[in-house]
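Visitor: Fold the following.
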Amino acid sequence: MKQGPVSQPRHFLDINLIDSADLRAMLDRAKARKMARSGQPKGVLDEDLPLAGKVLAMVFIQPSTRTRVSFDIGMRQLGGQTIVLNSDDLQLDRGETMADTARVLSRYVDAIMLRTKGHEMLEELVAHASVPVINGLTDASHPCQLMADIMTLEEHRGEIHKQVIAWSGDGNNVATSWIHGAAQFGYELRLGCPPQLSPSASAVQWARDNGADITVTQSVEEAVAGADCVVSDAWVSMHDDDEAAGNRHNMLAPFQVNEKLMARAKDDAVFMHCLPVHRGEEVTAEVIDGPRSLAWDEAENRLHAQKSILTWCLE
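Guide: Residues are numbered from 1 along each chain as shown. From the prediction side, this is the model:
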């Protein structure tokens, strides 16, 4: 019997690659699921189990706390199962390619989540996988975090459209996802970064070409002035060496988020951080642990946002 055309898997790779209506639908669904679970014990399954019988492979080339736990628990609450594969569990260090790993895993599981350093590894996985692939983080972007952050900010401040978001610090992978989101969700984004750590020029250009209101400045005070939300991230990535870390600390010291900087934002402005946090470096303890901080709500909402991502990819 002649087979029909094989449908392409639905990947969640970057905010700029997904239709804005789909992104909004994912967030609406995440909010609804979170509300439905309100007051229930954490171990209770969702009322519907759309991913019953499905298996997610979680591949960690880079270590994780929130990504690992949130995807694991989220998949279980939706009725599915997970298998965790750390770098030591795979044959990549012994010469097997990611392409071959993708082909093999696609025969076993229904979706693959990858958290890695190089974005090219994600691209190789996608090119050879026949199941949906989810970007759990690369050194180029962090789209799952952005979805949780948008959800969190809207919970506290209403629809994000036209709000002013200020980024302070390294124009890193998380900043890139905020840049993509500016075009998809319609908020104004101001990035205060040292010149040596400017955000991705191609991401900024793409966002501007798609109608985003983005300012890149070396003045963090200018970026934060009148903002609804101030966002920061760790100064040093897990793969930076001691010399690189020292250089970054010197460049980023003026970009620390403290009470003085927060005073330049709106009186009711909030602070966001994707964690892990280094108190006394990118942010002071009084800000991250203070009443303006949404960091812990962000961490919780990784679970709810990623459940929507999983169902979008797999249903």
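Visitor: Might one say that A225 is in contact with M262?
Guide: No - counting by C-beta atoms under 8 Å, M262 is not a contact partner of A225; they are 11.5 Å apart. Placement of C-beta: from N, CA and C, glycine included.
Visitor: With neighbour numbers in mind, choose between the two.
Guide: Set A225 next to M262 and count neighbours by other C-beta atoms under 10 Å: M262 wins out with 22 against 14.
Visitor: just checking, the more buried one touches T284?
Guide: No - checked against C-beta under 8 Å, the pair M262 and T284 is beyond contact range at 9.4 Å.
Visitor: Mind checking what helix or strand follows the host helix or strand of Q205 in sequence?
Guide: Here Q205 sits within helix 201-209, counting by DSSP states H and E. Using DSSP H and E, the next helix or strand after helix 201-209 towards the C-terminus is strand 213-217.
Visitor: In that next one, which residues are buried?
Guide: Using 16 or more other C-beta atoms under 10 Å as the burial criterion, the residues of strand 213-217 that qualify are I214, V216.
Visitor: quick one, it and helix 201-209 angle?
Guide: 140 degrees (axes from the mean of the first three to the mean of the last three C-alpha atoms, to 10 degrees).
Visitor: what packs against strand 213-217?
Guide: Packing partners of strand 213-217 (3 or more C-beta pairs under 8 Å, 6 or more residues apart in numbering; DSSP states H and E): helix 173-185, strand 188-192, helix 201-209, helix 220-224.
Visitor: mind listing what's buried in the longest one?
Guide: Translated: helix 173-185. Neighbour count says helix 173-185 has 173-185 buried, by 16+ other C-beta under 10 Å.
Visitor: Also the third one?
Guide: Buried positions in helix 201-209, judged by neighbour count with 16+ other C-beta under 10 Å: A203, V204, A207.
Visitor: just checking, the first one touches W178?
Guide: Which is A203. No - A203 is beyond contact range of W178, at 9.4 Å (criterion: C-beta under 8 Å).
Visitor: ok now do A305, which residues does it touch?
Guide: For A305, the contact set (C-beta atoms under 8 Å, 6 or more residues apart in numbering) comprises M26, L27, A30, C144, M147, A148, M151.
Visitor: at 10 Å instead, please
Guide: By C-beta atoms under 10 Å, 6 or more residues apart in numbering, the residues touching A305 are 26-27, 29-31, 33-34, 70, 74, 143-152, 298.
Visitor: how close does it sit to A99?
Guide: Distance of A305 to A99, computed by C-beta to C-beta, to the nearest Å: 29 Å.
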